[in-house]
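**Student:** task: produce atomic coordinates for the following.
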Amino acid sequence: MKAQCVKDIMIPIDRYAVVRDDVIGQIGHLDFLAALGPRYPWKHDVDAMTRAGVDPATLDSLMESQHFWQDNLDDACRRARAAKVADIMHPVSDSIDEMAPIAEAIRKIVMLRAMRMLVLRGGEAVGIVRLADLFAEIADRIEAIEE
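**Tutor:** Numbers count the residues shown, from 1 in each chain. Reported below is the predicted structural model:
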């Protein structure tokens, strides 16, 4: 049976590592890897700079000029281990209701260029819908189409 709404493909929140009950932010793989790098005041503004039209070559030049990732990897891992969750996470700014159609989740994730989105039931976090889950659902549907 095909998934009809977000709750059919979401990952329940209890299968995710959480710091406390109230979800106030999230840390993705990219956030974690970014924590390995040096701390720069502009680091969290890269997305904003990209949206503002700063080309990738300029961003690469900026990162290179700051010697990003030239540390010993073990030292970078020590720095990440000592990092506070609050310093790495980004606030949860968007969510979707568990009964929303899958098409709405796709639209929101594409529009926001997000890797995942918090799923709510009555305003309470109950799961996460990931880009990979949406992709798998669409791939399955495409494969099931009879020509």
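**Student:** give me the pLDDT value at the residue nearest to I138 when sequence neighbours are not counted.
**Tutor:** Distances taken as C-beta to C-beta, 6 or more residues apart in numbering put I106 closest to I138, at 7.5 Å, once the chain neighbours are dropped. Using the backbone N, CA and C atoms, a C-beta is placed for each residue, glycine as well. At I106, the pLDDT value in this model is 96.
**Student:** which helix or strand contains I106?
**Tutor:** helix 102-112 (DSSP states H and E).
**Student:** residues near the residue nearest to I138, how many?
**Tutor:** For I106, the count of nearby residues is 16 (other C-beta atoms under 10 Å).
**Student:** what's near enough to touch the residue most central in space within the chain?
**Tutor:** What sits nearest the mean C-alpha location of the chain, by C-alpha atoms, centre = their mean, is M115, with 4.0 Å. Neighbour list for M115: 28-30, 109, 130-131 [criterion: C-beta atoms under 8 Å, 6 or more residues apart in numbering].
**Student:** among those residues, which are located in helices?
**Tutor:** Among these, the members falling in helices (DSSP state H) are 29-30, 109, 131.
**Student:** on that earlier part again, what's the helix holding I106 packed up against?
**Tutor:** Judged by 3 or more C-beta pairs under 8 Å, 6 or more residues apart in numbering; DSSP states H and E, helix 102-112 is in contact with strand 95-97, strand 116-121, helix 131-144.
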